[in-house]
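Colleague: Structure, please.
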Amino acid sequence: MQLSVVFKTIGLLLMVFSLTQIPPILIDFIYAEGEYLSFVISFILTLIGGFSLWWPYRNIKKDFHLRDGVLIVVCFWLVLSLFGTLPFLLTESIKDLTFSGAFFESMSGLTTTGASVLSQLDELPKSILFYRQQLQWLGGMGIIVLAVAVLPLLGVGGMELYHAESSGISKDRLTPKLRHTAIALWKIYVSLTALCAIGYFLSGMTLFDAIGHSFSTVAIGGFSTHDGSIGYFNSLSIEVIAMFFMFLAGINFSLHFVAWNNRSLMNYLKDSEFKTYALILVITAIVVLIFLSINAEYDSANETIRHSLFQAISIATTTGFVSQEFSGWPAAIPVFLIMVSFVGACVGSTGGGIKVVRILVMFRLGMKEIKKFIRPSSQVSVKLNQTSLTDKTIISVLGFFSLYAISFVIILMLLMFIGLDQVSAYSATAATMNNLGPGLGQVAENYGALSDSAKWVLSFSMLIGRLEVLTIIALFHKAFWRN
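Modeller: Predicted structure coming up:
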């Protein structure tokens, strides 16, 4: 383990992150709300923290090893969340916010979970609200990927970081050089954000709300600048824009890149994961629509269709925007929606959950076993996009499911021992591990009423979900620390 490389890299990344305190300062000057000092102090402390980690090792020239990359990714998310608490703690506009709550809010933003301990958002300064939205936008594609594009210019390689941060089965680079890959992904990300903001603005949002919500929409985060979330605007056109960009953000960005380069939509239609993703959204919306109609939740069919479709897409993609308080819907609809969030969005997207491609592989593996049971002598392979998957790939998917299930049960039991009821504990665990945000029971509105110990457990749950279990669990294995 090369700790000198780890400290140097985290220091560099932290200094880069300090620059993100500048936009909220500008926002505060525009709205003249007197909050700029909180961000100035945060900027200085973050910059000093990064500099103090980087300076002692600035002249070290070593290549990354895989374990170094894994440790950097995990430590950096923790360190980033730690320094991300500063504006929340320094501002006088948020009363009675503990360090645990501030860390929870910071972690929730950077992991694009969208779970919040804050209330009365409409009364908070614009700079604080913008900062929350910005945290999600940075976390959406992963600030590590941004760093991979920047650090090679500073003399630090990044292949191992890319492998540690990338999720899913395929981690092939889209371009010959890793830095170009990261830049290509960010171009798509920024373009979608800009188009989303324009759509929101033209649909009636203020410029501030349009930019803020475009950040959390494309990041599949779910933070809003209002307590009522998207429901605050009560606008069909805004909800349509949100659904469209939530759907796009839930697609593998590598697929966006290929389709963009080829100028063809056929790349989407040929992709197995995309087709399954779209099918899951359609089925989810139909199920919610049927049961809302049976229970006559809304007076008109148009309202039923509108809210069914919006909440189905929002929850299934793990965005977590709310147009209606779905936790109060009748029958098993709220639990069904939470269950759908386990599937999540596509691999390589900004969404959370187990990921569609893994569910697809498990389903096809199940079909293979059924065929083998019926015809024991038959040779059946598990295919994805007409390509047979190797045993190594299938085992990795099975291993992920095992670790995910074990982690889920442990976190669930911890929350119940802390004092949460079964429904609240279950939904809170699902909402944080799947990076969804809204839950049921005690966490239906927000997480502010939970104890500090519950917030720490759920903060860890968010990190597990964001880094997809294996990266975190690897740190607890003794083999990871052997030379």
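
Colleague: switch to C-alpha atoms for all contacts and neighbour counts from now on
Modeller: Noted.

Colleague: Spatially nearest residue to residue 3 (excluding sequence neighbours)?
Modeller: Of all residues not flanking residue 3 in the chain, residue 68 sits nearest, at 7.7 Å (C-alpha to C-alpha, 6 or more residues apart in numbering).

Colleague: Enumerate the positions of the helix or strand harbouring the one you found that are buried.
Modeller: For residue 68, the host element (DSSP states H and E) is helix 66-84. Within helix 66-84, the residues scored as buried using 16 or more other C-alpha atoms under 10 Å are 66-84.

Colleague: following it, which helix or strand shows up next?
Modeller: Past helix 66-84, further along toward the C-terminus, the next helix or strand under DSSP H and E is helix 86-90.

Colleague: what pLDDT, on average, does that following helix get?
Modeller: Along helix 86-90, the predicted local confidence has a mean pLDDT of 96.

Colleague: Show me what that helix is packed against.
Modeller: The elements that helix 86-90 packs onto, with contact taken as 3 or more C-alpha pairs under 8 Å, 6 or more residues apart in numbering; DSSP states H and E, are helix 36-54, helix 99-110.

Colleague: Dump those to JSON lines, plus mean neighbour count.
Modeller: Putting the helices and strands packed on helix 86-90 into JSON lines (neighbours: other C-alpha atoms under 10 Å) gives the following:
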{"stretch": "helix 36-54", "mean neighbour count": "20"}
{"stretch": "helix 99-110", "mean neighbour count": "26"}
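
Colleague: Among those, which comes closest to residue 335?
Modeller: Nearest of these to residue 335, taken as C-alpha to C-alpha: helix 99-110 at 21.7 Å.

Colleague: Report the inter-axis angle for the helix or strand that the closest one is followed by versus helix 99-110.
Modeller: Stepping forward along the backbone from helix 99-110, the first helix or strand reached (DSSP H and E) is helix 126-141. Using axes from the mean of the first three to the mean of the last three C-alpha atoms, to 10 degrees, the inter-axis angle of helix 126-141 relative to helix 99-110 is 60 degrees.

Colleague: how far off helix 126-141 does the helix holding residue 68 point, in degrees?
Modeller: 170 degrees.

Colleague: And helix 66-84, what does it pack against?
Modeller: For helix 66-84, the helices and strands in contact under the criterion 3+ C-alpha pairs under 8 Å, 6+ apart are helix 3-18, helix 99-110, helix 159-165, helix 470-474.

Colleague: at 10 Å what do you get?
Modeller: helix 3-18, helix 36-54, helix 99-110, helix 126-141, helix 143-150, helix 159-165, helix 452-466, helix 470-474 (3 or more C-alpha pairs under 10 Å, 6 or more residues apart in numbering; DSSP states H and E).

Colleague: and it, C-alpha only, in CSV?
Modeller: These are the backbone C-alpha positions of helix 66-84, laid out as CSV (Å, rounded to 0.1, in the frame of the first residue of the first chain):
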residue,chain,number,x,y,z
LEU,A,66,-5.4,-1.2,-7.8
ARG,A,67,-5.6,-1.2,-4.0
ASP,A,68,-4.4,2.4,-3.9
GLY,A,69,-7.2,3.3,-6.3
VAL,A,70,-9.8,1.6,-4.2
LEU,A,71,-8.5,3.2,-1.0
ILE,A,72,-8.4,6.6,-2.6
VAL,A,73,-12.0,6.3,-3.8
VAL,A,74,-13.4,5.2,-0.5
CYS,A,75,-11.3,7.7,1.6
PHE,A,76,-12.0,10.5,-0.8
TRP,A,77,-15.8,10.1,-0.5
LEU,A,78,-15.5,10.1,3.2
VAL,A,79,-13.1,13.1,3.3
LEU,A,80,-15.2,15.0,0.8
SER,A,81,-18.4,14.4,2.8
LEU,A,82,-16.6,15.6,5.9
PHE,A,83,-15.5,18.9,4.4
GLY,A,84,-18.8,19.1,2.6
